[in-house]
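J.: give me coordinates for this.
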Amino acid sequence: MIPETVLDEILTRCDIVEVISSYIPLKKAGRNFKALCPFHHEKTPSFVVNPDKGIYHCFGCGAGGNAFGFIMKYEKVEFVEAVRMLAKKAGVTIPDSRGNGKLRSDITTELRRLHEHATAFFRNSLMSRQGEQARAYLAKRGIGNQSIGTFKLGFAPRGWENLFGYLKEKGFSEELIAKSGLCLPREGRDGFYDRFRSRVIYPISDKRGRVVAFGGRVIDDSLPKYMNSPETAIYSKSAILYAFDLARDQLAEKDSAVIVEGYMDVIVAFQAGVRNIMASCGTALTTEQVRLIKRFTNNVILIYDADKAGQSATVRGLEALLAEDMRIGIVELPEGHDPDSYVRERDGGDLDRLIAKPTGIFEYRLRSLKRQYDPSDPHSKVKIAGEMLAMISMFGNEMLKSEYTRRLADSLKLSESSLITELAKSKAFKGSYSRPETSLGRPNSDRACTAEKIILSLMLEDSALIARVRKTLSCQEFSNNTTRKIAEAIFIRHEKGAPVSFNFIMTHLKDEGVDSAIAEIGSMQYVSKDKMKNLTDCLLWIKRNNLDKRKAELQGLIKEAQSRREDSKLSELLATYNKLVKDSASLNQNCMGLQ
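T.: Sure thing, here's the model as predicted:
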């Protein structure tokens, strides 16, 4: 448990604008800051950071929270890890419950520590007698000792429980070892066996250089050739680019990111002096990966294998790249080559020249399609045009769409107007985003929920109003589950004399959906000079609405009692109903006394 006072101190010392701007570029917009949301695709900024309230909120996807929440969502870490990261930034010491100055480890920290030990185990195995064959394999592939150290390469020896026994000796529990995915439970009997055996090991690091997973390659002809770690609490394949941590400092300097398919492609090119290089590891680029690159450069150069699979990989990566308005260049290798073989054959001296003059994505795609289909055949020409228009539709810039449509018409000798008509009908990529429902209901939520949100916003803006609200409205009278929980937290925190604000309530109320709900509430617009009128109107509306609902329920019960001729029950219901009518009459006067 982390003391509330420590959490509050971290939030007080951390400027949310400074925190978020270290990840994405923010632009001043009045008293707030705006940006393109890092959590969904958009072309018009709807992501707002409010430094006064210490919160962020996206009006597009509904994401929201404070500095802790942003770190958790962006870095994909748990709450404790986010607290650690901000505590270090703020210079705050986190004690544990025993007061010895250290926080008890959570699962993400323990998994990272386990991966450090696994990396050391694989490295030691490579350098041992067991690793002779693996070292020979790496030497044959042109990998020197310096690269072995830079990329932390290792070897998983033969045998079923080498790594498992090593991790057990280091004090890791079987439960944690299982969660790492590096060892698997035996079927039908107790015990575990190693996932990686007789393989060269390529550690996979996150953007901060911490090993979070491994890739393994056989050193003979057995199958499967490659094997990778499963996704875990610290490893999400869609968010990781191999060797990004080594390339990141070069991205801004070179103003480009070179992307290849595999581990060896990266290592061999890196040895040849291409330091802004990383790998997608055979999968299509994801939006998360592209946005990670975009923080450093808008230029991407793809170098995939010169075969059909490589061409397909290039096409699969286009959607995420073009959706983020990245400039794309393609390096076309000679037939039969991948970056690894091409560099080794030419001693690395030629790759820089190719990277310096890549082919534009339009020219590359059109040339590839013309090789695939015969442009002299009308039906094939239509196929080429359709594929090209599907790609052109991905561009966010309308002027680029227009220019590439004109070029396509010239190249295929088709009328530009016909292509424009087909482009308008294209459904290949619309870039639309459907806003999900939030915990507060649909965007056009009912008036009761709106009134509750306004009241919460007013209380969080001005703690002097909390006692007035509580005198009139109980937590049970909040109809929405999330607004009710927030109201309870505000009342409890106010009773303790603790600070009550958007930022602090987010930190201390960790129920699912609360962060985005409070961020939405904090982003509501109302006329501050009329806040007492707004408060009174909302309180009146909620009280009346609740009374009307209760009266409607009683009317149904009264009719039922009449039909059953339950005279005693009918008298009780009528007495209750009459009291509600009197309460309604006095309601306006009671609420007006708040002003």
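J.: break this protein into its domains for me.
T.: 4-90, 107-235, 239-365, 373-425, 447-592 (automatic domain parsing).
J.: okay if I get the ones you listed as CSV plus mean neighbour count?
T.: For every residue, glycine as well, the C-beta is placed using N, CA and C. Converted to CSV, the domains of the chain look like this (neighbours: other Cβ atoms under 10 Å):
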stretch, mean neighbour count
domain 4-90, 19
domain 107-235, 17
domain 239-365, 20
domain 373-425, 15
domain 447-592, 17
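J.: dump these to CSV, plus mean pLDDT.
T.: Formatted as CSV, those follow (pLDDT from 0 to 100):
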stretch, mean pLDDT
domain 4-90, 88
domain 107-235, 94
domain 239-365, 86
domain 373-425, 89
domain 447-592, 80
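J.: residue 242 against residue 283, yeah?
T.: No. Residue 242 lies out of contact with residue 283 (Cβ atoms under 8 Å); the separation is 10.8 Å.
J.: other SSEs contacting the helix or strand that contains residue 556?
T.: Using DSSP states H and E, residue 556 falls within helix 531-564. The helices and strands touching helix 531-564, judged by 3 or more Cβ pairs under 8 Å, 6 or more residues apart in numbering; DSSP states H and E, are helix 447-461, helix 466-472, helix 567-592.
J.: in the stretch 351-500 of the chain, which spans are helices?
T.: For the stretch 351-500 of the chain, the helices defined by DSSP state H, counting those that start in this stretch occupy 351-356, 361-372, 378-392, 398-412, 416-425, 447-461, 466-472, 481-495.
J.: show me what contacts the residue nearest to residue 364 when sequence neighbours are not counted?
T.: Spatially, and ignoring its direct neighbours in sequence, residue 364 is nearest to residue 330 (4.2 Å; Cβ to Cβ, 6 or more residues apart in numbering). By Cβ atoms under 8 Å, 6 or more residues apart in numbering, the contact set of residue 330 is 301-303, 314, 358-361, 364.
J.: make JSON lines out of these and add distance to residue 131.
T.: Below are the contacts of residue 330 laid out as JSON lines (distance: Cβ to Cβ, whole Å):
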{"residue": "301", "distance to residue 131": "35"}
{"residue": "302", "distance to residue 131": "34"}
{"residue": "303", "distance to residue 131": "30"}
{"residue": "314", "distance to residue 131": "35"}
{"residue": "358", "distance to residue 131": "38"}
{"residue": "359", "distance to residue 131": "41"}
{"residue": "360", "distance to residue 131": "45"}
{"residue": "361", "distance to residue 131": "42"}
{"residue": "364", "distance to residue 131": "41"}
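J.: for residue 256, state which of these is nearest.
T.: Nearest to residue 256 among the contacts of residue 330: residue 301, at 5.6 Å, using Cβ to Cβ.
J.: show me what contacts residue 76?
T.: Shown in contact with residue 76 (Cβ under 8 Å, 6+ apart): 236, 239.
J.: so which residues make contact with stretch 506-516?
T.: Stretch 506-516 has contacts (Cβ under 8 Å, 6+ apart) with 4, 7-8, 11, 55, 57, 62-66, 68-69, 79, 438-439, 482, 485-486, 489, 493, 505, 518-519.
J.: give me the subset of those residues lying in helices.
T.: Residues of those located in helices (DSSP state H): 4, 7-8, 11, 68-69, 79, 482, 485-486, 489, 493, 505, 518-519.
J.: relative to residue 411, how far out is residue 419?
T.: 11 Å (Cβ to Cβ, to the nearest Å).
J.: and of the helices and strands packed on helix 531-564, who's closest to residue 125?
T.: Of the helices and strands packed on helix 531-564, nearest to residue 125 by Cβ to Cβ is helix 447-461, at 56.3 Å.
J.: contact partners for the closest residue to residue 555 other than its chain neighbours?
T.: The spatially closest residue to residue 555, leaving aside those adjacent along the chain, is residue 577, at 7.4 Å (Cβ to Cβ, 6+ apart). Residues near residue 577 by Cβ under 8 Å, 6+ apart: 551, 554-555, 558.
J.: how about a cut-off of 7 Å?
T.: Residues near residue 577 by Cβ atoms under 7 Å, 6 or more residues apart in numbering: 551, 554, 558.
J.: same question for residue 57.
T.: By Cβ under 7 Å, 6+ apart, the neighbours of residue 57 are 48, 64, 519-520, 522-523.
J.: what's the answer for residue 280, then?
T.: By Cβ under 7 Å, 6+ apart, the contact set of residue 280 is 241, 259, 261, 289, 317.
J.: go with 8 Å
T.: 241-242, 259-261, 289, 313, 317.
J.: swap in residue 404?
T.: Contacts of residue 404 (Cβ under 8 Å, 6+ apart): 362, 388, 392, 395.
J.: now do the helices in the stretch 1-150 of the chain.
T.: Listed in chain order, the helices of the stretch 1-150 of the chain (DSSP H, counting those that start in this stretch) span 4-13, 16-21, 67-75, 79-90, 107-127, 132-140, 145-150.
J.: same list, these, but as JSON lines with distance to residue 210 please.
T.: Shown next, in JSON lines, are the helices of the stretch 1-150 of the chain (distance: least, Cβ to Cβ, whole Å):
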{"stretch": "helix 4-13", "distance to residue 210": "22"}
{"stretch": "helix 16-21", "distance to residue 210": "20"}
{"stretch": "helix 67-75", "distance to residue 210": "11"}
{"stretch": "helix 79-90", "distance to residue 210": "11"}
{"stretch": "helix 107-127", "distance to residue 210": "6"}
{"stretch": "helix 132-140", "distance to residue 210": "24"}
{"stretch": "helix 145-150", "distance to residue 210": "16"}
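J.: so for residue 230, which of the ones you listed sits nearest?
T.: Ranking these by proximity to residue 230 (Cβ to Cβ) places helix 107-127 first, at 12.3 Å.
J.: now what about that closest one, what contacts it?
T.: By Cβ under 8 Å, 6+ apart, the residues outside helix 107-127 that reach it are 77-78, 80-81, 84, 105, 131, 134-135, 148, 152-157, 162-163, 166-167, 170, 172, 176-177, 179-180, 182, 196, 200-201, 203, 210-214, 232-234.
J.: that helix: how far from the chain's middle?
T.: Here the centre of helix 107-127 is set off from its chain's centre by 26 Å, with Cα atoms, centre = their mean, to the nearest Å.
J.: repeat for stretch 136-156
T.: The answer for stretch 136-156 is 33 Å, by Cα atoms, centre = their mean.
J.: now swap in stretch 297-305 and tell me
T.: 22 Å.
J.: contacts for it, please.
T.: With contact meaning Cβ under 8 Å, 6+ apart, stretch 297-305 is reached by 251-252, 254-261, 265, 290, 293, 310-311, 313-314, 317, 321, 325-331, 333, 337-339, 354-355, 358.
J.: just stretch 129-148 next, same as before
T.: 125-127, 153, 155, 157-158, 200, 219, 264, 267-268, 270-271, 340, 344.
J.: just the ones of those in helices?
T.: 125-127, 264, 267-268, 270-271, 340, 344.
J.: put together a markdown table for these, with distance to residue 24 on each row.
T.: What follows is the ones in helices among the contacts of stretch 129-148, written out as a markdown table (distance: Cβ to Cβ, whole Å):
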| residue | distance to residue 24 |
| --- | --- |
| 125 | 41 |
| 126 | 39 |
| 127 | 42 |
| 264 | 33 |
| 267 | 30 |
| 268 | 33 |
| 270 | 28 |
| 271 | 33 |
| 340 | 34 |
| 344 | 39 |
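J.: list just the nearest of those to residue 30.
T.: Ranked by distance to residue 30 (Cβ to Cβ), those are led by residue 270 at 45.5 Å.
J.: identify the bridge partners of the residue nearest to the closest one when sequence neighbours are not counted.
T.: In space, and not counting its chain neighbours, residue 270 is closest to residue 277: 6.0 Å by Cβ to Cβ, 6+ apart. Legend: beta-bridge partners of residue 277 under DSSP bridges are residue 258.
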